[in-house]
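Asker: Fold the following for me, if possible:
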Amino acid sequence: MKIVSSVFVLLWAIAVFAQGFLPATEDVPVMDGLYQVEEEATFDSPSEKMTIISAKSQEKPDKVSNYYRQILMNLGWTVIEKNHYVRGSDTLTLEMTTGKETTIQFKLVQKN
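Answerer: Sure, this is the predicted structure:
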């Protein structure tokens, strides 16, 4: 049963990523080769909503950072510092770790 649910989650993640945008976002695109490794987590409070999405890529962290810097700036996001963006009252942070692949954690905070 655990294998079946793992396969379902994997297929669901592939389908969502195939649409071109990160789940729970309207316009944060998925970099080619990026794949989601866990279901996104969403935390709601009266003042904000935080969504955390974990993904992996074969690309080096600098290439991932450069891609998102260029794309997000074209979508109206302002760079606050490397891998930290703001647009209106929303913030988006990318945290990366390296190993065999680059793991990227996207943290989107939307103020209510």
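Asker: Need the pLDDT of Val28.
Answerer: pLDDT, Val28: 89.
Asker: so what's it closest to, chain neighbours aside?
Answerer: Spatial nearest neighbour of Val28, excluding adjacent residues (CB to CB, 6 or more residues apart in numbering): Leu22 at 4.6 Å. (Each C-beta comes from the backbone N, C-alpha and C, glycine too.)
Asker: Check what pLDDT that neighbour gets.
Answerer: 85.
Asker: Quick check: nearest residue in space to Thr25, chain neighbours excluded?
Answerer: Per CB to CB, 6+ apart, closest to Thr25 is Leu108, 6.1 Å.
Asker: check contacts around the one you found.
Answerer: By CB atoms under 8 Å, 6 or more residues apart in numbering, the contact set of Leu108 is 22, 24-25, 28, 50-53, 90-92.
Asker: To which secondary structure element is it assigned?
Answerer: strand 102-111 (DSSP states H and E).
Asker: how about that strand as PDB, C-alpha atoms only?
Answerer: Output in PDB follows, covering the C-alpha atoms of strand 102-111 (Å, rounded to 0.1, in the frame of the first residue of the first chain):
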ATOM      1  CA  THR A 102      20.500  20.300  -5.800                       C
ATOM      2  CA  THR A 103      17.600  20.400  -3.400                       C
ATOM      3  CA  ILE A 104      15.600  23.600  -3.600                       C
ATOM      4  CA  GLN A 105      13.100  24.700  -0.900                       C
ATOM      5  CA  PHE A 106      10.700  27.400  -2.100                       C
ATOM      6  CA  LYS A 107       9.100  29.300   0.700                       C
ATOM      7  CA  LEU A 108       6.300  31.700  -0.400                       C
ATOM      8  CA  VAL A 109       4.700  33.900   2.300                       C
ATOM      9  CA  GLN A 110       1.600  35.800   1.300                       C
ATOM     10  CA  LYS A 111       0.200  38.500   3.600                       C
END
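Asker: Parallel or antiparallel, which strands does it pair with?
Answerer: strand 48-57 (antiparallel), strand 90-98 (antiparallel) (DSSP bridges).
Asker: how far does the shortest one sit from the chain's center?
Answerer: This points to strand 90-98. Offset of strand 90-98 from its chain centre (CA atoms, centre = their mean, to the nearest Å): 8 Å.
Asker: Thanks again, I'm all set now.
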